[in-house]
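Asker: The sequence and its predicted three-dimensional model are supplied below.
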Amino acid sequence: METITLTHENIEKEHICCAIANNKDIQVQSKKEWLNQQFDEGLVFTKMDVRGKCFIEYIPIENAWAAIQGRDLMYIDCLWVAGKFQGMGYAKTLLESCQKDSLEKGKKGLTIISSKKKKGYLMDYKFLTKHGFYSVDTWNDIYELMFLPLTEDYEEPRFAVKPIETDGLVLYYTHQCPFNAKYVLALKEYCDEQNIPLQIQHIQTKEGAQNAPTPLTTYSLFYNKNFITREVQNVKRFEKLWGEIHE
């Protein structure tokens, strides 16, 4: 099966895989706008020629929206193969395309965040180790920075996370995830109705992301300086989570 790499020229007609297909939907609009901005920073979004969650997104680590130190590496934002596309070798195909492209661009390795515990929106830890990645750093005792050298003269990356200084319920997010355009607003409206003091930090630059108190800048929810979750919260899910926090 062929792959398709998004560009400024074809992004409007291509399905972006992880949100609904209607270009008028706010989720699609926010993601495509974010991608268009990042293409000029070296971001690559390659997908299998299917309509579904089957893609890889990566960017030079110097321009990554993540609190990670590294040099001459590619940071993989997301490698996602879901549903009926699993078990068909597509994840391997996408990873190999990233390796080839990265070497051609003079990169010395790949890095991605994963976890030994199965977590939503993260590439499977066993898949990564099977294909040569190994852990070089850990954040919050769960999230591991995985690294795959592509040359012999490399430096391993490290997390570079600043301590959080804000108490209470705090959400950090970017428009890298299309779902945020819809669900962050819904969460804010719910918290306002319930008089829950939610503080929202919308990260809008790579510098802001690189100096964030989390490496998971796509979505990170904290309570009293403790990290709670990176999974996008709809109202029903948050109600349950908030109840657990206050048990």
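Answerer: Ah, there it is.

Asker: contacts and neighbour counts: CA atoms only from here.
Answerer: Will do.

Asker: And the pLDDT at residue 72?
Answerer: pLDDT for residue 72: 97.

Asker: Spatially central residue for the protein, please.
Answerer: In the chain, the centroid-proximal residue (C-alpha atoms, centre = their mean) is residue 77; its distance is 4.4 Å.

Asker: quick one: it from residue 194, how far?
Answerer: 34 Å (C-alpha to C-alpha, to the nearest Å).

Asker: remind me which residues of this protein are low pLDDT?
Answerer: Under the criterion pLDDT under 70, the flagged ranges of the chain are 17-23, 247.

Asker: domain assignment for it?
Answerer: Domain assignment for the chain by automatic domain parsing gives 3-159, 169-245.

Asker: Helices of this protein, start to end?
Answerer: Assigned by DSSP state H, the chain shows helices spanning 26-39, 90-104, 125-130, 180-193, 206-210, 235-245.

Asker: Let me know which of those helices is the nearest to residue 227.
Answerer: With C-alpha to C-alpha as the measure, helix 235-245 is the member of the helices of the chain nearest residue 227 (11.6 Å).

Asker: Output that closest one as CSV, restricted to C-alpha atoms.
Answerer: Output of helix 235-245 as CSV, limited to C-alpha atoms (Å, rounded to 0.1, in the frame of the first residue of the first chain):
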residue,chain,number,x,y,z
VAL,A,235,-17.2,15.8,30.5
LYS,A,236,-18.3,12.3,31.4
ARG,A,237,-14.7,11.1,31.8
PHE,A,238,-13.7,14.2,33.8
GLU,A,239,-16.7,13.8,36.2
LYS,A,240,-15.4,10.3,37.1
LEU,A,241,-11.8,11.6,37.4
TRP,A,242,-12.7,14.5,39.5
GLY,A,243,-14.7,12.3,41.8
GLU,A,244,-11.6,10.0,42.2
ILE,A,245,-9.4,12.9,43.0
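
Asker: Now do it against helix 180-193, angle only.
Answerer: 50 degrees (axes from the mean of the first three to the mean of the last three C-alpha atoms, to 10 degrees).

Asker: From the contact counts, what lies against helix 235-245?
Answerer: Helices and strands touching helix 235-245, by 3 or more C-alpha pairs under 8 Å, 6 or more residues apart in numbering; DSSP states H and E, are helix 180-193.

Asker: Could you rerun that using 10 Å?
Answerer: When contacts are defined as 3 or more C-alpha pairs under 10 Å, 6 or more residues apart in numbering; DSSP states H and E, helix 235-245 packs onto helix 180-193, strand 226-229.

Asker: Can you tell me what sits against that helix?
Answerer: 169, 183-184, 186-191, 196, 223, 228-229, 231-233 (C-alpha atoms under 10 Å, 6 or more residues apart in numbering).

Asker: Buried only: go through those residues for me.
Answerer: With neighbours counted by 16 or more other C-alpha atoms under 10 Å, the contacts of helix 235-245 contain buried members at 169, 183-184, 187-188, 190-191, 223, 228-229, 232-233.
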